Structures are given as structure tokens and as C-alpha cells.
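1. What would the 3D arrangement of this be:
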Amino acid sequence: MNLLDLSGVTKTYAVREGYFCASRRTLAAVSGVSLSVARGETLGLVGESGCGKSTLARLCVGLERPTSGSVSLGGRSPFGPDRDGAGTARLVQMVFQDPFSSLDPRKTIGWSVAEPLSRLPGMTAGRRRERVLELFGLVGLLPEYARRYPHQFSGGQRQRAAIARALAPSPGLIVCDEPVSALDVSIQAQVINLLGDLQERLGLSYLFISHDMAVVSHICSRVAVMYAGRIVEIAPVREIYDRPLHPYTRALLDSAPRPDPRRPRAAAAPGDPPSPLTPPPGCPFHPRCARADADCAKDVPEPREVAPGHLVRCFAPGV
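-> Have a look, this model is predicted:
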């Protein structure tokens, strides 16, 4: 059984136009997304800013309710009538992009890490203290740091504390929403290596959201590419990097920094991502695609499997 299953998930918002205007328009942040995360797997989710990655992350952990479609965590819905917050916490946790804003500045780091444990049965005050020190050891923080406040730490240390807090209820799945983008490059490598070590030791699964293709290639086993609220390609990581089939995936790879400045790089996709309030007809990428034809402007391509485990939404993939 997969730890996470999304089936046809859509999330829309009603947006009011102007301060004094009563009319509302519909903004589609996520449109018909289906994907899964297996036990012990790291699934990467990549795409430009505004494509719906963070909204999808909040849907996965139960912070947002889908407009349509279903979310399943360990075989049960976090939105059902028998919803159990503590049970959901033991299934999935989230690590946010900015550890400074995700930690309470008025509370000590030890309190922040211990707070999720207060809802778990059988957790006495003594057991919570033991668990906090155990978690500090797992993420490489000294025991005396438990009495310090977030402003007394570096960005990397704060993110280690945020990871410790996510590990507190012993979840099987952790959703990482751009967990290293706010850190220096050298610290990014340390946090990425920490996540890999924890996965091996604890058997964790990750949904790893990023816009950095180099980071994704290092930590992920599969990659899902998101554009304008839809998954346009999903495949094993080596397949994505060696044989990208969707033109948007190619554009993302071409835009990644290259270590050799003398090596030629292809031009990135022209133009800007479409507004979710006024999406173009047909394939949402067709206004920026050099291969688009009349069919691309009429219909949205359905996902099709072009190789085992390799799905793509494109009328002419890999041409």
C-alpha cells in the first residue's frame, strides 16, 4: 500500500475582483492531479513558482481540502467523517521552506519540537523530554540547544530543528516544501545529506518539492513535473534527465545552471507562465511551446504512458 495516493485532485479558489466589486472569478491552483508515493520512496515535484506545488503540498497533509478528487494517507482520507488529527500526524508531517517563520519565535526550540508530542497518547512529560533529546541527536543538534530560541540559531540549525519537529510523531511520510532554498549552498548539502541519512535509518518516504533540478537529481527516485496546476510528466529520475519528453521538462533542465560556462545551453521557454485566473485554451504550455500546432490550442492532452513508469501530457512527446 502506498503512503500517499492522490486521484484526480483539483483545488479552486473564488477570487474577488476589486475592493467594491461583488463579482468573483475562479482560480484553479491544482487541476486533476493523480500521483502516489510508495514506502521508502522520494518523489520529487518540480516546476516554476506559481505552478501549484505548495498548494498540492497543503492538500497532501490535510491543511487544505480538495475541491474534487481524493487524498489517501495510508489508505484513509484525512478529510473523512472519522478524521483523527493525531492519527494523521503519525502518517504525514511537513517541513516548510523558511524555518524562521515556521518556528514560534517566543518559544524555545525544545518546546517547538515537543509540542506535536502532547497530542499523542501515553506521552508523559518525562517521555516527551527523552524524545526531544533523542530527536536532537538524530538531526545533529546538541542537547543544550533545547533551551535556546530560534533567533539564536543559524538557518541550517533552524531547519534541523524543523526536521526534528516533523519527526516527533514518527510519521512515515514527510512533505518537504522547498526545504533548502532559503539556505546557503554549503548548508543545503548538509541538510540534503541529513534527509538521506534519516530516510535510510527510519525508512521514511518524502514528497520533495523544489525548483532546483540539481538537488532533485541527488535525492529523488522519481520526478513529477508540474505546470499550471497539472502534472505534465512523471518518470524515474534518470529517465527524466536522460530522456525528457515534455517540452516544459526540457526547458526546466536547460535553465539549470551548468558548471562549465563554455558548454552551450539551449534557450529556455519564452514568455511567462499563464495566469491561473485566465488560463489559455487547450494545452496550457502551447503559447510558450515551439512545437505547438492547432490541436494544442484546442484540447488538453491526456496523460499517456510512453514507457514503463513514464507518463507525459503532450500530443507529440519527444519530437
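2. what residues does stretch 247-258 touch?
-> Under the contact criterion Cβ atoms under 8 Å, 6 or more residues apart in numbering, stretch 247-258 has outside partners 46-48, 212-214, 225, 227, 232-233, 240-241, 244, 265-269, 285, 288-291, 314. Where you see a C-beta, it was placed from the backbone N, CA and C, and this is true even at glycine.
3. Of these, grab the buried ones for PyMOL.
-> Selection of the buried residues among those in PyMOL, burial being defined by 16 or more other Cβ atoms under 10 Å:
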select buried, resi 46+47+48+212+213+225+227+232+233+240+241+244+269+285+288+289+314
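4. Just the contacts of stretch 247-258: which are in helices?
-> Here DSSP state H is the test, and the contacts of stretch 247-258 give 213-214, 240-241 as lying in helices.
5. Closest one of the residues you listed to residue 147?
-> Proximity of the ones in helices among the contacts of stretch 247-258 to residue 147 (Cβ to Cβ) peaks at residue 214, which lies at 37.0 Å.
6. which residues in the stretch 101-250 of the chain form strands?
-> 173-177, 205-210, 222-227, 230-236 (DSSP state E, counting those that start in this stretch).
7. how about those strands in CSV, adding distance to residue 25 and mean pLDDT?
-> CSV is the format used below for the strands of the stretch 101-250 of the chain (distance: least, Cβ to Cβ, whole Å; pLDDT from 0 to 100):
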stretch, distance to residue 25, mean pLDDT
strand 173-177, 26, 95
strand 205-210, 27, 96
strand 222-227, 21, 96
strand 230-236, 19, 96
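8. Compare the ones you listed and give me the one nearest residue 306.
-> Within the strands of the stretch 101-250 of the chain, the stretch nearest residue 306 is strand 230-236; the backing value is 8.9 Å (Cβ to Cβ).
9. quick one: strands adjacent to that closest one?
-> Counting by DSSP bridges, the strands paired with strand 230-236 are strand 222-227 (antiparallel), strand 310-312 (antiparallel).
10. Report the buried residues of the worst-scoring helix or strand of the chain on mean pLDDT.
-> The weakest-scoring helix or strand in the chain, judged by mean pLDDT, DSSP states H and E, is helix 85-91 (a mean of 77). Under the neighbour-count criterion of 16+ other Cβ under 10 Å, helix 85-91 has 88-91 buried.
11. Equivalent analysis for stretch 121-130, please.
-> Buried, per 16+ other Cβ under 10 Å, within stretch 121-130: 123, 128.
12. end-to-end on it?
-> For stretch 121-130, the first-to-last residue distance is 15 Å (Cα to Cα, to the nearest Å).
13. tell me the mean pLDDT over it?
-> For stretch 121-130, mean pLDDT rounds to 86.
14. Same check on stretch 304-312?
-> If you average the pLDDT values across stretch 304-312, you get 93.
15. and it, which residues are buried?
-> 306, 310-312.
16. Columns distance to residue 297 on top of the buried residues of helix 85-91, output as TSV?
-> What follows is these, written out as TSV (distance: Cβ to Cβ, whole Å):
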residue	distance to residue 297
88	42
89	45
90	47
91	42
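17. which of those residues lies closest to residue 128?
-> residue 89 (14.5 Å).
18. pretty sure that closest one is touching residue 169, no?
-> Yes - Residue 89 is within contact range of residue 169, at 4.5 Å (criterion: Cβ atoms under 8 Å).
19. Quickly list what's touching both of the two.
-> Contact with both residue 89 and residue 169 is made by residues 116, 120, according to Cβ under 8 Å, 6+ apart.
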